[in-house]
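# With the sequence up front, the predicted model follows.
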Amino acid sequence: MKVGLIRCMQTEDMCPATTDFKVMKEKKLAFANVEEDIEVIGVNTCGGCPGKKAVTRATEMIKRGADTIVLASCITRGNPIGFPCPHAEQMKQAISKKIGDTIRLIDYTH
């Protein structure tokens with residue numbers, strides 16, 4: 001699995017994505033059923049509210065080899081600030097529409 005990770009721009013100054021990388025390495029939580037090796041192709045933010053840049057950033061990571069786009073838990077679950085992105089579902093749908101069915105989309109990490 002070659003992962004392109006998209007995270008919340010609002011939390012990037014307080015969270016270095018350590019837990020995201022840890023669950024990938026240990027194949028836990030969102031990655032529990034992954035049998036293949038996991039390689040991170042890139043990490044980027046959504047671009048800030050309302051997350052419109054997430055689509056183009058996901059597309060760019062796919063061009064660079066990602067076969068899976070992962071929305072970090074800071075977007076969908078609000079970790080670590082306790083406030084999920086109010087645009088998460090719209091962002092997920094826009095990315096899904098753009099990347100189609102051949103690319104996996106995981107909507108959380110931990």
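Yep, it's here.

# Quick one: residues contacting residue 91.
Residues counted as contacts of residue 91 (C-beta atoms under 8 Å, 6 or more residues apart in numbering) are 46, 50-51, 54-55, 71, 75, 85. For glycine as for every other residue, the C-beta is placed from the backbone atoms N, C-alpha and C.

# Can you give me the pLDDT of the spatially most distant residue from the centre of the chain?
Farthest-out residue of the chain from its mean C-alpha position, per C-alpha atoms, centre = their mean: residue 35, at 19.0 Å. Looking at residue 35, its pLDDT is 97.

# which SS state does residue 79 fall under?
coil (DSSP: H, G, I helix; E, B strand; the rest coil).

# With adjacent residues omitted, what lies nearest to it?
residue 73 (4.4 Å; C-beta to C-beta, 6 or more residues apart in numbering).

# Make sure that neighbour is actually in contact with residue 110.
Yes: Residue 73 sits in contact with residue 110 when judged by C-beta atoms under 8 Å, with a separation of 5.1 Å.

# which SSE is the residue nearest to residue 51 when sequence neighbours are not counted in?
Spatially, and ignoring its direct neighbours in sequence, residue 51 is nearest to residue 91 (4.1 Å; C-beta to C-beta, 6+ apart). Using DSSP states H and E, residue 91 falls within helix 88-99.

# ok, and for the helix or strand just after that helix, which residues are buried?
Using DSSP H and E, the next helix or strand after helix 88-99 towards the C-terminus is strand 104-106. Within strand 104-106, the residues that count as buried by 16 or more other C-beta atoms under 10 Å are 105-106.

# what's near enough to touch residue 28?
Counting by C-beta under 8 Å, 6+ apart, residue 28 touches 22, 110.
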